[in-house]
Structures are given as structure tokens and as C-alpha cells.
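Student: starting from these lines, generate the structure:
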Amino acid sequence: MATQKQRETARKNVKKAQTGARKNRTITKLSKETRSPLGREGAKAAARKRGASSGTGTGAGAMTVTELRREAARLGIRAARRWARPS
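Tutor: As a prediction, this is how the structure comes out:
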């Protein structure tokens, strides 16, 4: 486990990196292929922060749509999109 000083330094480094990224608008300069997964990861982190699932990100609220569909296929649940539409 990290010491208190290491944690404080890590927090400080993260804050500096965030400030630099905001100032240089680093993310906007990235390719679309890189930005999309970054946003997806951010959304998952936000879902976990809201309490969708603690820590691991395996709860339904912490999964992306693609991950939910893959999990449904693995469990043998048929296409959920058909349920939402009238036949």
C-alpha cells in the first residue's frame, strides 16, 4: 500500500496533469478512435461513482451498451431492442 506522502504526491500530479490537459486542450487533438473509448471509460467511471456498482464496474449500470449486448448474448437473452418496439 502507498504511503500518505505517495498518495498526496499522486493527487498533486493528477491535478497538474488535468490542469495541463485543460490548458492545452489535449483531448480535442486526439483522433476520434482514441476519444471514443476515453469517453466510454469516463462514462463507466461516472456510473460507478453514482453507485451503479462498487469498484469493479461489472454491474449493469456500469456497462456500456456494447458490453450489455455482449453479456446478454453470453447469457442467451434475445435482442432487448425488439421488446421496446411495437410489433
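Student: please make it C-alpha for all contacts and neighbour counts, starting now.
Tutor: OK.
Student: list the buried residues in the helix or strand encompassing Lys23.
Tutor: Using DSSP states H and E, Lys23 sits in helix 4-24. Within helix 4-24, no residue is scored as buried using 16 or more other C-alpha atoms under 10 Å.
Student: immediately after it, which helix or strand?
Tutor: Past helix 4-24, the next helix or strand by DSSP H and E is helix 32-49.
Student: quick check: buried residues in the helix or strand just after that following helix?
Tutor: The element immediately downstream of helix 32-49 (helix or strand, assigned by DSSP H and E) is helix 65-75. The neighbour-count check on helix 65-75 (16+ other C-alpha under 10 Å) flags Arg69 as buried.
Student: so how far is helix 65-75 from its chain's centroid?
Tutor: Relative to its chain's centre, helix 65-75 lies at 16 Å (C-alpha atoms, centre = their mean, to the nearest Å).
Student: for Arg40, give me its contacts.
Tutor: Thr64 (C-alpha atoms under 8 Å, 6 or more residues apart in numbering).
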